[in-house]
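K.L.:
this is a predicted model, with the sequence first.
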Amino acid sequence: MPDWLGWLLTAAFLGVAAHAVARLAGHDQRVRTVAAADALMATGMAVMCSPVGGPLPMAGWQTVFLLFTVWFAARGEFDHAVAGLAMLYMLTAVPHSAHAMSAAWSPPMAGEAALPLLGWVFVAYFVVQAARIAPQLASVDRRLAAGCRGVMALGTGGVIVALL
């Protein structure tokens, strides 16, 4: 991915993370849980797209998203569980050196992902998600939240396509 695109995606995902952090102040526990999940997913995507990588080793991100996936699957919130699986796929299916796996600073994502069929399944899932979200963009009250979910769906699917 060219650096300019990496920086553009990094900024978009950090914007989504900022919106999610702002939602953490809500009084509803479910809203706070989903906002925390959205902030974590968007931050993880920002790190994957960043031309400089991010401040957590690859194995650390894998652990975070494994726990994330199990947590949401146990709660029956399968959209978040599938998103967590997609993050695990991106972190695990792309070849990394032993140094990259244990380094304190994760390198930018590069290389071709293993199990491309699984990658395409995730891409199809995110395209469907984006299509489900699109009608909400017409509502003034829901436009910002829907836009953030759309950025996550299309951005995550797009990054997976780039890795295939």
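P.N.:
Cool, got the structure.
K.L.:
any idea how far residue 129 is from residue 136?
P.N.:
Relative to residue 129, residue 136 is positioned 12 Å away (C-beta to C-beta, to the nearest Å). C-beta here means a position set from N, CA and C on the backbone, and glycine is covered the same way.
K.L.:
got it, and residue 157?
P.N.:
8 Å.
K.L.:
tell me where the protein has helices.
P.N.:
Using DSSP state H, the helices of the chain run over 3-23, 29-49, 58-74, 78-93, 98-102, 116-133, 143-163.
K.L.:
tell me which residues in the second one are buried?
P.N.:
For helix 29-49, burial by neighbour count (16 or more other C-beta atoms under 10 Å) applies to 33-35, 37-49.
K.L.:
over to the fourth one?
P.N.:
Within helix 78-93, the residues that count as buried by 16+ other C-beta under 10 Å are 80-93.
K.L.:
where does the chain have its least confident helix or strand?
P.N.:
helix 98-102 (a mean of 66; mean pLDDT, DSSP states H and E).
K.L.:
just for the chain, where's the confidence low?
P.N.:
97-105, 107-110 (pLDDT under 70).
K.L.:
give the contact list for residue 142.
P.N.:
Contacts here follow C-beta atoms under 8 Å, 6 or more residues apart in numbering; on that basis residue 142 touches residue 136.
K.L.:
what about 10 Å?
P.N.:
133, 135-136, 149 (C-beta atoms under 10 Å, 6 or more residues apart in numbering).
K.L.:
tell me the one of those residues nearest residue 28?
P.N.:
Of all these, residue 28 sits closest to residue 149, with 17.5 Å by C-beta to C-beta.
K.L.:
is that closest one in contact with residue 132, as I believe?
P.N.:
Yes - Residue 149 lies in contact with residue 132 (C-beta atoms under 10 Å); the separation is 9.1 Å.
K.L.:
of the two, who's got more company?
P.N.:
Taking neighbours as other C-beta atoms under 10 Å, residue 149 and residue 132 compare with residue 149 leading, 20 against 14.
K.L.:
how near is the more buried one to residue 36?
P.N.:
Noted for residue 149: a distance of 15 Å to residue 36, by C-beta to C-beta.
K.L.:
how about residue 26?
P.N.:
Counting by C-beta to C-beta, the gap from residue 26 to residue 36 is 11 Å.
K.L.:
now residue 16
P.N.:
Distance of residue 16 to residue 36, given as C-beta to C-beta: 13 Å.
K.L.:
same check, this time on residue 119
P.N.:
From residue 119 to residue 36 the distance is 27 Å (C-beta to C-beta).
K.L.:
do the same with residue 61
P.N.:
In terms of C-beta to C-beta, residue 61 sits 16 Å off from residue 36.
K.L.:
noted, bye for now.
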